[in-house]
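Asks: after the sequence you'll find the predicted model.
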Amino acid sequence: MKLYRRLLVFLRPHRGRLAGNIVFNVIGAALDGVAFTLLIPFLNLLFLGDDKLGDGHTWLQEMLRAILGGLMVPGDKMASLRAISVVIVAMVVVKNLFLWLGGQLGASLQERITRDLRDTVFRHMQRLQLGWFSRTKAGQIMARILTDTEQAKAILAEVATRTIQNVAQVLVTVVILITMSWRLALIALVIVPMISLLLQPLLKRLRQGHRKLRNEYGEITSVLQEVISGIRLVKSFRGEYYEDQRFTSASGNYTRGMVRITRISLLSGPITEVLGTVVAVIVLGIGAQQVFGGVLDPGTLMAFMILVMRLLPPLKQITQAPTIAQQSLAAAERLFQILDEPTEEQRDKGTRTASALEKLIEFDRVSFSYGDENVLTDVTFSARRGDVIALVGASGGGKSTLVDLIPRFIEPTEGKVTLDGVDTRDITLASLRALTGIVSQDTVLFNDTVRANIAYGSADRYSGAQIEAAARAANAHTFISELPLGYETILGERGTRLSGGQRQRIAIARALLIDPPILILDEATSALDTESERLVQEAIDRLLTGRTVFVIAHRLSTITHATQILVLDRGRVIERGTHTVLLALGGAYARLHGLQSGDASAA
């Protein structure tokens, strides 16, 4: 029930459509019931030659006299039959008009709720901590946002359209049946609790099965996403057969689970139909005795049986609705797992704002670990405004983790990082990250124009001249001008129309445009050719005034100008100083510099 209540939150903004759907379906169900009650005088007239509408005073008989009283032609049975037939057809036409209107509102309702659910999960997902993305496969995330929202729609479809229509039809039919014969109606209605009790074990197994099935579908998506994004690697290492095995294994697991779930879910229909038929036969036998005893007329019994049989399909669909809902609820559970994960804003305890870096950033005995794995240990240093801090060391030494602490992508497990003496954990995330620009080795470009990629997320804030100036500073303006539409050229997914060096320069222009007081260059020039690297380095040097820059680079030739160089090994700072000081020291930095210089000479 908790999941139902949480889903109903998404229903509230669309109460008007829901109300209209209910009203139209109730009117349609009422007209359907009335149309079938008109069969009583039709059948009595056809088989007994009785063209009277009776003299009883139940609401049903009063209604029949009100509808047909002026249309019956005494002594002319065919005229009376034609009149009743016309009224029945008219009732059915009007009924279906109302059901169509209700269906339109129901379809509109479920699609809007699905859209709201999908948008809410996407907005929430974007604001989760980076650690969550490290723990969760990209394919699983995509499956949840795209596929699980579609699966969750099924329960909304059942409630918003078919179930409301079916419930309205059942209620109207039951009222009419009770009016015709409350004894027979009581026997007919025994079917409902019987079906509900018999289906409970099935529903429990279906929920568990569907939950597992959604995870297996996510595995298929994960493998597919990995192969598509790494197709060059797959081909170069002839990994097609290996990936075939991975995909077919995940696909096979999903298929076996689906067959198992389908086998269980298909039991609900036969159970409902068999029980319903048994009850109908019993009702027919008892009704026949009442006809022979003069309690019921034949027309009423036949209409009663027709209505009972008409009652079976909506009852069957109502009892199947929980079966269908299990798949939706399993998908909803996975969606709410994302929504229950606290966002960065919810975790953020910062209350102070920072508008600039006035003096320095300081790391005070900072350590960081992923679980039991220490990534940084007791790191202490300070970076004054305008300093260039270079981070050097082998892969896995902790360089990227260190710079991730500055914009609080992660937070220290011990120690603190301060900005102008204030613990960054006391500064709001929004204001802290507004001070930081980042250019990483893994350049991310979007399927949009060059202009939109450079001014990413803030296209309205910058003029064309500002965007062009940033591109010139990053040595990107020349090749951008040579593109078919210049700055309006669509770059394609992940910027596939550009070379690696060109993509890198677009990313640098993006960071330079926002003019941040803190700049993080994560191997930012590693993808550039020698000439482009020289020009970009000159542009960065011109922008260093009043700015604090953290540079991660494997090529030491790019950081000879650094104010301070930190050499990291297994999360610890083992050397620090300027390029000249560290060369004179003759330690790890000097050895690395010698190796790179030797490689260059050999080349």
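Replies: On my side now, so go ahead.

Asks: can you pull the contacts of the residue nearest to residue 428 when sequence neighbours are not counted?
Replies: Counting by Cβ to Cβ, 6 or more residues apart in numbering, residue 350 is the residue found nearest to residue 428 once chain neighbours are left out, at 4.3 Å. The C-beta positions use only the backbone N, C-alpha and C, and glycine is treated the same way. Shown in contact with residue 350 (Cβ atoms under 8 Å, 6 or more residues apart in numbering): 424-429, 432.

Asks: quick check: the gap between residue 350 and residue 418.
Replies: Using Cβ to Cβ, to the nearest Å, residue 350 is found at 13 Å from residue 418.

Asks: what sits in contact with each of the two?
Replies: Residues touching both residue 350 and residue 418 (Cβ under 8 Å, 6+ apart): residue 424.

Asks: that older thread, residue 227: which of the contacts of residue 350 is nearest?
Replies: Minimum distance to residue 227 across the contacts of residue 350 is 35.0 Å, recorded for residue 429 (Cβ to Cβ).

Asks: so what's the closest one up against?
Replies: Contacts of residue 429 by Cβ under 8 Å, 6+ apart are 344-345, 348, 350, 408.

Asks: domain ranges for the protein?
Replies: Following automatic domain parsing, the chain resolves into domains at 2-344, 348-435+548-603.

Asks: would you mind listing where the stretch 301-450 of the chain has pLDDT under the threshold?
Replies: 316, 319-320, 323-324 (pLDDT under 70).

Asks: in it, what residue spans correspond to strands?
Replies: 360-370, 373-384, 388-393, 414-419, 422-423, 436-439 (DSSP state E, counting those that start in this stretch).

Asks: ok, and what's touching the fifth one?
Replies: This points to strand 422-423. So strand 422-423 is contacted by 352, 354, 416-417 (Cβ under 8 Å, 6+ apart).

Asks: who does that strand pair up with?
Replies: Here strand 422-423 is paired, per DSSP bridges, with strand 414-419 (antiparallel).

Asks: now what about the strand it pairs with, what contacts it?
Replies: 354, 357, 361-368, 378-380, 405-406, 423-425, 427, 432, 435.

Asks: that one to strand 373-384, inter-axis angle?
Replies: Per axes from the mean of the first three to the mean of the last three Cα atoms, to 10 degrees, the angle that strand 414-419 makes with strand 373-384 is 30 degrees.

Asks: buried set for strand 414-419?
Replies: Using 16 or more other Cβ atoms under 10 Å as the test for burial, strand 414-419 gives 415-419.

Asks: now render the residues you listed as a markdown table, adding distance to residue 442.
Replies: Formatted as a markdown table, these follow (distance: Cβ to Cβ, whole Å):
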| residue | distance to residue 442 |
| --- | --- |
| 415 | 28 |
| 416 | 29 |
| 417 | 24 |
| 418 | 29 |
| 419 | 26 |
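
Asks: from those residues, pick the one nearest residue 458.
Replies: residue 419 (22.4 Å).

Asks: ok, the closest one to residue 568 distance?
Replies: From residue 419 to residue 568 the distance is 21 Å (Cβ to Cβ).

Asks: try residue 500
Replies: Counting by Cβ to Cβ, the gap from residue 500 to residue 568 is 26 Å.

Asks: which one of the contacts of strand 422-423 sits closest to residue 170?
Replies: Nearest to residue 170 out of the contacts of strand 422-423 is residue 352 (Cβ to Cβ; 61.0 Å).

Asks: hmm, residue 430 and that closest one touching each other?
Replies: No - counting by Cβ atoms under 8 Å, residue 430 is not a contact partner of residue 352; they are 11.6 Å apart.

Asks: what segments of the stretch 301-450 of the chain are helices?
Replies: In the stretch 301-450 of the chain, helices defined by DSSP state H, counting those that start in this stretch lie at 344-347, 399-404, 429-433, 450-454, listed in chain order.

Asks: for the stretch 451-600 of the chain, which spans come out with low pLDDT?
Replies: 494, 523-546, 598-600.

Asks: if we go to 80?
Replies: Where the stretch 451-600 of the chain drops to pLDDT under 80, the residues are 457-459, 492-497, 499-501, 522-546, 553-555, 557-558, 596-600.

Asks: list the contacts of the residue nearest the centre of the chain.
Replies: Among the residues of the chain, the one closest to the centroid is residue 145, at 2.1 Å (Cα atoms, centre = their mean). When contacts are counted by Cβ under 8 Å, 6+ apart, residue 145 touches 118, 121-122, 125.

Asks: tell me the secondary structure at it.
Replies: What DSSP: H, G, I helix; E, B strand; the rest coil gives for residue 145 is helix.

Asks: just the contacts of strand 422-423 now: which is nearest residue 517?
Replies: Looking across the contacts of strand 422-423 and measuring by Cβ to Cβ, the closest to residue 517 is residue 354, at 9.4 Å.

Asks: surely residue 512 and residue 473 touch.
Replies: Yes - using Cβ under 8 Å, residue 512 is in contact with residue 473, at 5.2 Å.

Asks: between the two, which has more neighbouring residues?
Replies: In this view residue 512 and residue 473 are compared by other Cβ atoms under 10 Å, and residue 512 has more residues nearby, 24 against 21.

Asks: look up phi and psi at that one.
Replies: When read as degrees, to the nearest 10, the backbone of residue 512 gives phi -70, psi -30.

Asks: any idea how far it is from residue 435?
Replies: When residue 512 is compared with residue 435 (using Cβ to Cβ), they lie 15 Å apart.

Asks: and what of residue 120?
Replies: 30 Å.

Asks: and for residue 226?
Replies: Plainly put, residue 226 is 35 Å away from residue 435 if you go by Cβ to Cβ.

Asks: so if I had to pick from the two, which one is more boxed in?
Replies: Of the pair residue 226 and residue 435, residue 435 is the one with more neighbours under other Cβ under 10 Å, namely 21 against 18.

Asks: these two touch, right, that one and residue 353?
Replies: No - using Cβ under 8 Å, residue 435 makes no contact with residue 353, being 10.4 Å away.

Asks: so residue 515, which of the three states?
Replies: coil.

Asks: likewise the one 5 residues further on?
Replies: Using three-state DSSP, the three-state assignment for residue 520 comes out as strand.

Asks: doesn't residue 433 make contact with it?
Replies: No - between residue 520 and residue 433 no contact is recorded; they are 11.2 Å apart, counting by Cβ under 8 Å.

Asks: which residues do these two both contact?
Replies: In contact with both residue 520 and residue 433: residue 407, using Cβ under 8 Å, 6+ apart.

Asks: please consider this matter closed, and thank you.
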